[in-house]
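Asker: this one's structure only:
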């Protein structure tokens, strides 16, 4: 049985996907599978998958889907690894020794979620380190985990379900909200494991209003505690104007 299942959802991202695949092929640790779920691309994605499928343990699907959450759920259903990592088409593993290093750290771990930092590849600012927030309670307000840095035990998906297809952007926030609600255990680590691309849905400025809307819906659906519900309403009253001001300031300075 492989130790890691890497899941990549993609659609018409052939150029970016090649770098993603190369970063996996280049790993010194071989007890892994790479499951690539393509939404029926019309570019060179399928040709690319056929080119690489004989070089390492890769399985792929190419068919229409209902978005990223639906694609990832297809991958989860066939994943065989002990830990699952979501590594999207414009993401890549940071170094050739990354998975070997992670294996050495978590092989004997009993934690449900092992969270590592990621490097964010900003279009204008270059690469910046993005660490998970270690205060678990803060996940009630904003996602504390960089998804591309989270190794999740495969059996967590059996316990709490997969990604909610109702969400087109915040499916990661919803998943981790449910995971913490179900008392999944978490361990944090310091070494970055992946390079997060700047072309993902959640990274695009134009998608920010939709992300905020979906984040609030995640909380409305999953939060039962009255205290936290009231506190969340106060948070959004203050956070939204602040974030809008921050984005406007950034656009002026760019």
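Answerer: Cool, got the structure. Here the structure is a predicted model, which is why all the values come from computation and not from measurement. Numbering: from 1, shown residues only.

Asker: which stretches of the stretch 101-250 of the chain form strands?
Answerer: 113-115, 118-122, 126-130, 150-153, 186-188, 194-196 (DSSP state E, counting those that start in this stretch).

Asker: burial count for residue 4?
Answerer: 24 (other C-beta atoms under 10 Å). (Each C-beta comes from the backbone N, C-alpha and C, glycine too.)

Asker: partners of it in the sheet?
Answerer: Beta-bridge pairing of residue 4 under DSSP bridges involves residue 32, residue 83.

Asker: any chance of the strands of the stretch 101-250 of the chain in CSV, with distance to residue 141 and mean pLDDT too?
Answerer: Shown next, in CSV, are these (distance: least, C-beta to C-beta, whole Å; pLDDT from 0 to 100):
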stretch, distance to residue 141, mean pLDDT
strand 113-115, 17, 98
strand 118-122, 20, 91
strand 126-130, 17, 90
strand 150-153, 18, 98
strand 186-188, 17, 98
strand 194-196, 21, 96
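
Asker: mind putting the ones you listed into JSON lines with distance to residue 28 and mean neighbour count?
Answerer: Converted to JSON lines, those look like this (distance: least, C-beta to C-beta, whole Å; neighbours: other C-beta atoms under 10 Å):
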{"stretch": "strand 113-115", "distance to residue 28": "19", "mean neighbour count": "22"}
{"stretch": "strand 118-122", "distance to residue 28": "19", "mean neighbour count": "19"}
{"stretch": "strand 126-130", "distance to residue 28": "22", "mean neighbour count": "11"}
{"stretch": "strand 150-153", "distance to residue 28": "17", "mean neighbour count": "24"}
{"stretch": "strand 186-188", "distance to residue 28": "23", "mean neighbour count": "17"}
{"stretch": "strand 194-196", "distance to residue 28": "16", "mean neighbour count": "25"}
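
Asker: out of those strands, nearest to residue 228?
Answerer: strand 186-188 (18.3 Å; C-beta to C-beta).

Asker: on that earlier part again, quick one, which of the strands of the stretch 101-250 of the chain is nearest to residue 54?
Answerer: strand 194-196 (24.7 Å).

Asker: strands paired with the closest one, and their directions?
Answerer: strand 92-93 (antiparallel), strand 118-122 (parallel).

Asker: mean confidence for the shortest one?
Answerer: Model confidence over strand 92-93 averages 98 on the pLDDT scale.

Asker: follow-up on the earlier one: dump the strands paired with strand 194-196 into CSV; add distance to residue 245 as well.
Answerer: Listed next are these as CSV, based on distance: least, C-beta to C-beta, whole Å:
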stretch, distance to residue 245
strand 92-93, 33
strand 118-122, 20
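
Asker: hang on, the earlier thing: how about the strands of the stretch 101-250 of the chain, which one is nearest residue 24?
Answerer: Using C-beta to C-beta, the nearest of the strands of the stretch 101-250 of the chain to residue 24 is strand 194-196, at 10.7 Å.

Asker: so how far is that closest one from its chain's centroid?
Answerer: 10 Å (C-alpha atoms, centre = their mean, to the nearest Å).
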